[in-house]
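K.L.:
next one to model:
(2 chains)
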Amino acid sequence: MLKIEGLHANVEGNEILKGLDMTVNPGEVHAIMGPNGAGKSTLGYVLSAREEYEVTAGKVSFKEQDLLELEVDERARAGVFLAFQYPVEIPGVSNMEFLKESVNAVRKERGQEALTAAEFLKRAKEACKQVNLPLDFLKRGVNEGFSGGEKKRNEIMQMIMLEPTLCILDESDSGLDIDALKVVADGVNSQRSDDRSFIVITHYQRLLDFIKPDFVHILADGKIVKSGGPELAKEVEASGYAWLENHEEASA
Amino acid sequence: MSEQIEQAISREYEAGFVSDIESDTFPPGLDEDVIRRISKMKDEPEWMLEWRLQAFRSWQKMEEPDWAHLGYEPIDYQEISYYSAPKSMKDRPKSLDEVDPELLRTYEKLGIPLHEQEVLAGVAMDVVFDSVSVVTTFREKLAEAGVIFCPISEAIREYPELVKKYLGTVVPRTDNFFAALNSAVFTDGSFVYIPKGVRCPMELSTYFRINELNTGQFERTLIVAEEGSYVSYLEGCTAPMRDENQLHAAVVELVALDNSEIKYSTVQNWYPGDENGVGGIYNFVTKRGVAETNAKISWTQVETGSAITWKYPSCILRGDNSVGEFYSVALTRARQQADTGTKMIHLGKNTTSTIISKGISAGNSSNAYRGLVKMGPNADGARNFTECDSLLIGDTCAAHTFPYIESANPSAIVEHEATTSTVSDDQLFLCQQRGLDIEKAISMIVNGFCKDVFRELPMEFAVEAGKLLEISLEGSVG
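P.N.:
Residues are numbered from 1 along each chain as shown, chains lettered A, B, ... in the order given. Model (predicted):
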């Protein structure tokens, strides 16, 4: 589904990704862990074409297309979804309007009919329930006055509604208490399927207790320095990222 | 200065005018003789002519104001023609096929029915079409309620006592340069009279949209709401109308007697000119209402058109407990310039006013809010709340805020909040990441910004206003 080869990317002239390779097959969940500043969030932004993130070398193919050729909204409609670490507010635009426009834009791309008002509302209500948000959230402005936890759950609700094929979760666990974390994880788990893949970016192992990854990658200094199964996350949990320095010295 | 005025200058002098009303156009120039002719064309009584002449004499001694944050070439008032009747049928497009496709595209986006498109585009039609019967139905319904709604020229002839009693009482002839000019040369406009205790049975809207064509450049509107009555009046149209006149100087007067309410909504979408601002409408408007005891006046405006907008719909809160409201969305793009806002003059006790102004600037435009809140010495317990927000799109536009507050009463409370924001990259990225293209993303963010004002508009208008913003913003993002 997704194949990243030798990816290099700059932000404001600084090289953040320095030759990243990764392959994600349909239905897989890949966790990306690593210390602060390793380039984890950059990977999410590069895959979703954020303007300030400039790809300088490498290839990314997504469902047999050259992903790097596509604009932000084209990638979104092709099925790339990014759950933001810090979702921004859009005052005055209700969640309902926002979701409806988004869902229908994506459906149009897939050659599907726009949802009727009734069908949309039904789905939106179900999605709200799934992430434990009260229905009046639909009427409120996008992220307007939401708590940190509400914003994160709102991201997952959008993911459920948009039915993407590649979901990138950028530290969806940060700032959440254990209950909110479970809600987010349940939302994600409910969406796991054979044709949908996930890249779960997290600093802590905690989230991976609830979202079981198939693969864990350690990202450090712009590269994946170690890959393994879920046990790798436990290792990080036990020993932190300090061992990376040794690793880097060893590989230098 | 503009094609239209150049045309006027280059036009050969036509001696007098012939009686074929459809092809009448006065030669450029303004003197007492022109005013006499306008008055005669309108078959006006002597007192009306005298009123106009006095306005003209005052106007001659006045100077054009230059305090607004606007830049334009001086207007030569002798180069303008002060009366141009509707184009004759033979000069009009025969069908929509002959109309500018750009205009038709806009109508389509706004979802305007075909026959209304024809009216708006000025297509020649001598056959009576469907909506005329609708108009007749409206007329009957209004007459039943005792509501008078007619062209002001008709009111001057048919209801002289009412017109005499109220005309110029809210906006005096000598109020300002443009109001004086309007008083001298106004060619038409509307008159509304709501009798005591009557709630006008319909929004004066659809009716208006179909009828209010060719009102000319100097429009005069007078609305009188008797004690305990209510009326909601909608002016303008989201669809860009064909217009041959460049200078517009309208006057609107609202008289809200005890316990009455007037709600006045405007959507203004006149031609803004090309990318360099050439050929756009200059819109200098004086709108004001007087609210007596317990009365309420509410102005809502969506201003997206015109090259120059100079407009301050105001409320004089004369009666105790009277209420004034001003809700405004002003969008400027390309080279458009707007200097708009309101005045809330609190005279009575416990008077309250609310001002919500949303200015959106894009392109190379300039958008200024100018507002005065004045608390008179007797305005015990008066309150004002002002919220004034500016949204910038791109980095070549400008937003300005000029709030003036004068309080002569220590018990009066004035609150002012102002914000300036931009459509942020983060917001655009979120929208695009959810699949929206950039234009849809911007229009959604801008519509959200305007929500507090749109909810004050009558339902049907609010939907159209949203679409209008979307169309106006097309191509304004690089």
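K.L.:
CA only for contacts and neighbour counts going forward, please
P.N.:
OK.
K.L.:
so where is the stretch 151-252 of chain A shaky, pLDDT-wise?
P.N.:
Judged by pLDDT under 70, the stretch 151-252 of chain A has its weakly predicted residues at A:245-252.
K.L.:
run the last query once more with 80
P.N.:
Counting by pLDDT under 80, the ranges of the stretch 151-252 of chain A that qualify are A:242-252.
K.L.:
number of nearby residues for A:F84?
P.N.:
Counted by other Cα atoms under 10 Å in any protein chain shown, the residues lying close to A:F84 total 20.
K.L.:
how about it, what does it touch?
P.N.:
Contacts for A:F84 (Cα atoms under 8 Å, 6 or more residues apart in numbering or on different chains) come out as A:K152, A:E155, A:L169, A:D170, A:E171, A:S172.
K.L.:
just checking, which of these belong to helices?
P.N.:
A:K152, A:E155 (DSSP state H).
K.L.:
out of the contacts of A:F84, who has the most neighbours?
P.N.:
A:K152 (29 neighbours).
K.L.:
quick check: B:L234 touching B:I262?
P.N.:
No - counting by Cα atoms under 8 Å, B:L234 does not reach B:I262; the two are 10.8 Å apart.
K.L.:
could the contacts of A:F84 go into CSV alongside distance to chain B?
P.N.:
CSV is the format used below for those (distance: Cα to the nearest Cα, whole Å):
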residue, distance to chain B
A:K152, 14
A:E155, 10
A:L169, 13
A:D170, 13
A:E171, 16
A:S172, 15
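K.L.:
let me know the closest of the contacts of A:F84 to B:E161.
P.N.:
The nearest member of the contacts of A:F84 to B:E161, counting by Cα to Cα, is A:E155 at 65.0 Å.
K.L.:
and that closest one, how far is that from A:V183?
P.N.:
Taking Cα to Cα, to the nearest Å as the measure, A:E155 and A:V183 are separated by 12 Å.
K.L.:
over to B:K440?
P.N.:
Noted for B:K440: a distance of 32 Å to A:V183, by Cα to Cα.
K.L.:
returning to that earlier point: neighbour-wise, which of B:L234 and B:I262 wins?
P.N.:
The residue with more neighbours, out of B:L234 and B:I262, is B:I262; 26 against 23, by other Cα under 10 Å.
K.L.:
the more buried one: helix or strand, and which one exactly?
P.N.:
strand B:261-268 (DSSP states H and E).
K.L.:
what do you get for B:A143?
P.N.:
Assigned by DSSP H and E, B:A143 falls within helix B:130-145.
K.L.:
what about that helix, average pLDDT?
P.N.:
When pLDDT is averaged over helix B:130-145, the result is 66.
K.L.:
so what's the gap between the following helix or strand past it and the chain middle?
P.N.:
The first helix or strand that comes after helix B:130-145 along the chain, using DSSP H and E, is strand B:148-151. For strand B:148-151, the separation from the chain centroid amounts to 18 Å (computed by Cα atoms, centre = their mean, to the nearest Å).
K.L.:
can you spell out which helices and strands pack onto strand B:148-151?
P.N.:
Strand B:148-151 sits against strand B:190-194, with contacts defined as 3 or more Cα pairs under 8 Å, 6 or more residues apart in numbering or on different chains; DSSP states H and E.
K.L.:
in its sheet, what does the strand it packs on sit against?
P.N.:
Strand B:190-194 has the following sheet partners, assigned by DSSP bridges: strand B:148-151 (antiparallel), strand B:220-225 (parallel).
K.L.:
between it and strand B:261-268, how many degrees?
P.N.:
Here strand B:190-194 runs at an angle of 160 degrees relative to strand B:261-268 (axes from the mean of the first three to the mean of the last three Cα atoms, to 10 degrees).
K.L.:
can you show me the CA trace of strand B:190-194 as CSV?
P.N.:
Taking Å, rounded to 0.1, in the frame of the first residue of the first chain, the C-alpha atoms of strand B:190-194 are listed here in CSV:
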residue,chain,number,x,y,z
SER,B,190,-39.5,52.9,-2.1
PHE,B,191,-42.0,54.0,0.4
VAL,B,192,-43.3,51.7,3.1
TYR,B,193,-45.9,52.6,5.7
ILE,B,194,-47.0,50.1,8.3
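K.L.:
circling back: want to try CSV for the contacts of A:F84, with distance to A:F210 as columns?
P.N.:
Below are those laid out as CSV (distance: Cα to Cα, whole Å):
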residue, distance to A:F210
A:K152, 16
A:E155, 17
A:L169, 14
A:D170, 16
A:E171, 14
A:S172, 12
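K.L.:
what is the burial count for the residue nearest to A:E28 when sequence neighbours are not counted?
P.N.:
By the measure of Cα to Cα, 6 or more residues apart in numbering or on different chains, the closest residue to A:E28 outside its immediate chain neighbours is A:S197, 5.0 Å from it. The criterion is other Cα under 10 Å. On that basis, A:S197 has 24 neighbouring residues.
K.L.:
next up, identify which helix or strand A:S197 is on.
P.N.:
Secondary-structure assignment from DSSP H and E places A:S197 in strand A:197-201.
K.L.:
do the same with A:Q158
P.N.:
According to DSSP H and E, A:Q158 maps onto helix A:148-162.
K.L.:
other SSEs contacting that helix?
P.N.:
For helix A:148-162, the packing partners by 3+ Cα pairs under 8 Å, 6+ apart come out as strand A:80-83, helix A:95-109, helix A:117-130, helix A:178-190.
K.L.:
need the contact partners of the longest one.
P.N.:
By Cα under 8 Å, 6+ apart, the list of residues contacting helix A:95-109 from outside reads A:76-78, A:113-115, A:120, A:137-143, A:158, A:161-162, B:431, B:434-436.
K.L.:
pLDDT wise, what is the residue of the stretch 301-450 of chain B found nearest chain A at?
P.N.:
Going by Cα to the nearest Cα, chain A is nearest to B:G448 of the stretch 301-450 of chain B, at 3.8 Å. The pLDDT attached to B:G448 in the predicted structure is 91.
K.L.:
check for me that B:Y271 belongs to a helix.
P.N.:
No - the assignment for B:Y271 by DSSP: H, G, I helix; E, B strand; the rest coil gives coil, which leaves it out of any helix.
K.L.:
enumerate the residues of chain A near chain B.
P.N.:
A:48, A:50, A:72-77, A:81-82, A:87-94, A:101-103, A:105-106, A:162 (Cα under 8 Å from any Cα of the partner chain).
K.L.:
make a ChimeraX selection of the buried ones in those.
P.N.:
Remark: buried members of the residues of chain A next to chain B, expressed as a ChimeraX selection using 16 or more other Cα atoms under 10 Å in any protein chain shown:
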select /A:48,50,72,73,74,75,76,77,81,82,87,88,89,90,91,92,93,94,101,102,103,105,106,162
